[in-house]
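Undergrad: got a predicted structure plus its sequence, pasted below:
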Amino acid sequence: MKEKLSKVLDYLQDRGVDYADIRIHDISEEHISTENGMAQDLSTSRSRGYGIRVFIDGALGFAASQEFENMVKTADKALQIARATKKAQREPVRLAKKDAVVDHYETPVQIDPFEVSRQEKLDLLFAAEDEMRKNAELFRTKGTMDFRREDKVFADTDGSYINQTLYESGGGIQAFAAGKDGMQTRSFPNSFRGNFATAGYEFVKDLQLVENAARIGEEAAQLLTAQECPSGKFDLVIDGSQLALQIHESVGHPIEMDRVLGHEAGYAGESFLNPDMVGFAYGSEHVNIVADATVPGGLGTFGYDDEGVPAQKVEIITEGEFRNFLTSRDTAPVVGQESNGTARADGWGRIPIVRMTNINLLPGDKDFDELIAGIENGLYLHTNKSWSIDDRRLNFQFACEVAYEIKEGKLTGKIYKDPIYTGITPEFWNACDGVATEEHWQMFGTPNCGKGEPSQVAHVGHGAAPARFRNVKVGVKDVR
Amino acid sequence: MLDKDQSYELIDFILDEAGDYQARVMITSRAEGLTRYANSEIHQNVFEDATSITITVTEEKKRSRVSTTVYDRDSLKEAVADAVQNLQFIPPGEKQPPAVDEPEEISADHYNPQLADKFGVDRRAEMLAECFDTLQQQQKASGKLTYQESNLAFGNSEGIKRFARGNQVNFSALVEVLGEGGGTGYAADTSTRPEDVNVLQTFGRAQKKAEMNRDREELEPGAYTVILEPLAVSNLLTYMAFTGFSAKSVQNQMSFLTGKQGEQVFDSRVNLVDDHTNENTVSLPFDFEGYPRQVVTLVEDGVVKNFIYDAMSAHKDGVQSTGHSVDMPQRGGMPLHMIMAGGQHSTGEIIANTDEGLLVTRFHYMNAINPRQSVLTGLTRDGVFKIEDGEITGAVKNMRFTESMLEAFCNVEAISSERERTPGFFGNYYVPALKIADFHFTGKTDA
């Protein structure tokens, strides 16, 4: 294959490209879901093809196909598109420099998830479903597992040739309780299909789905008769899984340099940040956030991005001060930098764009009990139920599955259903007055980050521990 | 792309490989050229030619599914073998519904060669360059112009064959007025007919709206009378379709229409039908299980009449599938071609008859907070305008709404006579503007 790609790249150079690269993706996925003790879905998929990206006089053209015998034809298509781009382009694209790399990277796995029998996987989900129903009357129970292997080849006119094999594994369970007044859900270890990592089947075994199932089932049933969460201003402790999505929406997306530069304005939106805002007081001194594509197991962990730039660990917010954007080769030159390696495509048919890697809130120095003890009248919010944020990433609103009441520094045991909290990004992060210690810190995988046109879905990670936030708006029922 | 003969040949090969097993095959071939622009220039210009084959094999109470983009004969043999092998260890589940067995063939060719001529990659760039030439110094533009061709083919072990060919164009324009007090405006169009999509005209609408959206006033959260333009109505309907109009969502008690079939749920002026035969939708005459797509009245005079079905949810209720499978068994189907009936008055007249209210262009980043109550949240985007004494008197900063659609669609006060083609999750809708009382904005922004 290396020789074939080299010939196509030579062909493109002979036709005057400034730069060209070819990516081949061969993605195998396995999805298993059970519902009410029955197999709901057992499906596998394979997607193999290639994309050719060219720049002529700084104008981009990209064409993708699955017909490997037609690579030159696809290259010609990319050239034609780049020439068309020039008809409506004001400034040529400048690409940041990078080294030519010949390398191989593979996700370290202990158990190849595709070697584990589907029977074993189904049995684990069935066992978890049984446990959920053990002590609770439930309307519906669900279990899911997802596995992915992606073999990627990257070759470019700079002389890079990189092979990568990335594995992902994930799973989760859900309990649904239904009554005349509605439906309540509890999920473990996270909502929306559970938790995910770049890892093998060992990750799913370690999730302890069966061990946590009874508790989840009982909580779903309890929520059905729980009071609705009150509205007002409260001090909150937010659990790691919910905080992961909070980081995703209110830190991860606004720091994407393509959004900052307006590349996503027509669709997902822009950012409240601009290139001059390095040094901005994003949060309190307790807020330390990094973008780390090298952390073991993170769903956004890889060897090289889809422009052939090595995975990196970058400071994003240090003691509350904003330090760096996420950049790609076409966006980094705007701030006089080289790419920090975040350009990724969701497959062979898409161009790489700036994506989160693992955007991690670093652990703090507070024990979980200490966070709770510091609250007179507040709530401990757990597990995301819905999310929404404006097109500049300022006004957010999240719903969670459950709120645990905190009174006089203690969890009272009372739970509320349907909690919602809302805020403005910098105000919220500046209201953080404590993050739990490393003992409580965990990586969460988000396999459904949408962006771009045509749409792309990225798999990204977020490390977080529970953290405390003061005086946050909860609920919307008081607005009439 | 695979044409009809190539697709049918592959389907026959796969069904032969499946032998005595009940099998169905869906082949999706799509070629899309997408020209994307930002900062008033093309910045992303891409093309993808992709074919995907999904093979579903069933036994009496078992089903497994394999999809692949690799369709050489050996790879297809492996895919079929994998699907069959899975059946051996799947424990019996729900009884599988019968396969579609009539009519023997549906073949639809909606491909319009004039559309292909008008929206090739060079013409797309030239049209956008013409748009950029109209921008004033303090304006910048972003958006996309997409041309897509698609072929869908289906076959099953009962000897059923389906094929549909079509093409369509999608255009969107977001214009921003730069500088102090500047704002954004948005317009979009989608069609299968070349005469429908006037890129320069749609771009001009976005420009005009951006010019109107200056010096925005900040309003406090509260209940307001709103006039939602068709894009905003479409945003709401998209999430309602996602969470509530399928029988599966009712069976799962997740739908806001659970237990409400036959009841007056919305204002009596609300009429909603899923109609793929309407000339303003992208017709797809069968679904991903091969069932002929039915025209389904969802809401008539505010009364919930019918739900849409895929084969499994229909089997459970003892009825026929309405042909709305999107091959997502967990969803049980989706209405892809929703048509909302228009009203008696133009949007201009509705504005003129409004003492106090807000005109909303569209919503951004919506989500369902409580599907059972159809409580949705999201933010306004690209233009909210204050109406006083029947006239637009100024622009308003974006706000967050949190509202139950069960209440909002009860509070409909007027429906516009004009309707627009708007995008949905899949497919597109054709909807009017709605005037709704007591629509709750629960948060504000400074933009």
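TA: All right, it came through fine.

Undergrad: for the chain, just list every one of the helices.
TA: All of this refers to chain A. A:2-14, A:71-86, A:118-134, A:201-206, A:209-224, A:240-247, A:257-260, A:368-373, A:425-430 (DSSP state H).

Undergrad: not quite, go with chain B.
TA: For chain B, the helices defined by DSSP H occupy B:4-18, B:73-89, B:113-118, B:121-133, B:199-212, B:230-243, B:247-251, B:311-317, B:347-352, B:405-408.

Undergrad: before we move on, the earlier item: now distance to chain B too, for the helices of chain A, in TSV please.
TA: Glycine gets a C-beta too; all of them are placed from N, C-alpha and C. Shown next, in TSV, are the helices of chain A (distance: least, Cβ to the nearest Cβ, whole Å):
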stretch	distance to chain B
helix A:2-14	16
helix A:71-86	4
helix A:118-134	4
helix A:201-206	17
helix A:209-224	12
helix A:240-247	11
helix A:257-260	9
helix A:368-373	26
helix A:425-430	11
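
Undergrad: any chance of these in TSV, with mean pLDDT and mean neighbour count too?
TA: Shown next, in TSV, are the helices of chain A (pLDDT from 0 to 100; neighbours: other Cβ atoms under 10 Å in any protein chain shown):
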stretch	mean pLDDT	mean neighbour count
helix A:2-14	97	15
helix A:71-86	98	21
helix A:118-134	96	19
helix A:201-206	98	19
helix A:209-224	97	21
helix A:240-247	98	26
helix A:257-260	98	26
helix A:368-373	98	17
helix A:425-430	98	20
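
Undergrad: looking at the ones you listed, which is nearest to B:Ser191?
TA: For B:Ser191, the closest of the helices of chain A is helix A:71-86, at 22.0 Å, according to Cβ to Cβ.

Undergrad: what sits against B:Met328?
TA: For B:Met328, the contact set (Cβ atoms under 8 Å, 6 or more residues apart in numbering or on different chains) comprises B:Met334.

Undergrad: that older thread, possible to save the helices of chain B as TSV with mean pLDDT?
TA: Listed next are those as TSV, based on pLDDT from 0 to 100:
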stretch	mean pLDDT
helix B:4-18	98
helix B:73-89	93
helix B:113-118	97
helix B:121-133	98
helix B:199-212	98
helix B:230-243	95
helix B:247-251	95
helix B:311-317	95
helix B:347-352	98
helix B:405-408	97
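
Undergrad: closest one to A:Asp181 among the ones you listed?
TA: The nearest among these, by Cβ to Cβ, is helix B:405-408 at 13.9 Å.

Undergrad: check contacts around B:Leu128.
TA: Going by Cβ under 8 Å, 6+ apart, B:Leu128 touches A:Ala88, B:Thr35, B:Tyr37, B:Ile42, B:Leu145, B:Val199.

Undergrad: run a quick neighbour tally on the third one.
TA: When you say that, I think you mean B:Tyr37. Counted by other Cβ atoms under 10 Å in any protein chain shown, the residues lying close to B:Tyr37 total 31.

Undergrad: and if you look at the last one?
TA: When neighbours are defined as other Cβ under 10 Å, B:Val199 has 22 of them.

Undergrad: isn't it up against B:Ala129?
TA: No: counting by Cβ atoms under 8 Å, B:Val199 stays clear of B:Ala129, with 10.8 Å between them.

Undergrad: how's chain B carved up into domains?
TA: Chain B breaks down into these domains under automatic domain parsing: B:4-211, B:216-447.

Undergrad: among the ones you listed, which is the most enclosed?
TA: Neighbour counts (mean count of other Cβ atoms under 10 Å in any protein chain shown) averaged over each of the domains of chain B peak at domain B:216-447, with a mean of 21.

Undergrad: for A:Ala431, find the nearest of the domains of chain B.
TA: Evaluated over the domains of chain B, closeness to A:Ala431 peaks at domain B:216-447, with 16.2 Å, by Cβ to Cβ.

Undergrad: up against chain A, what does the stretch 251-400 of chain B have?
TA: Within the stretch 251-400 of chain B, the positions near chain A by Cβ under 8 Å from any Cβ of the partner chain are B:252-254, B:329-330, B:364-373, B:377-379, B:381, B:398, B:400.

Undergrad: repeat that with 10 Å
TA: B:251-255, B:258-259, B:312, B:327-330, B:363-373, B:375-382, B:398-400 (Cβ under 10 Å from any Cβ of the partner chain).

Undergrad: for the helices of chain A, which one sits closest to B:Phe266?
TA: With Cβ to Cβ as the measure, helix A:209-224 is the member of the helices of chain A nearest B:Phe266 (27.4 Å).

Undergrad: which elements pack onto the closest one?
TA: Helix A:209-224 sits against helix A:118-134, strand A:140-156, strand A:161-179, strand A:182-188, strand A:377-389, strand A:395-407, strand A:410-417, with contacts defined as 3 or more Cβ pairs under 10 Å, 6 or more residues apart in numbering or on different chains; DSSP states H and E.

Undergrad: the first one: how far from the chain's middle?
TA: Pointing back at helix A:118-134 there. Relative to its chain's centre, helix A:118-134 lies at 27 Å (Cα atoms, centre = their mean, to the nearest Å).

Undergrad: great, nothing more from me.
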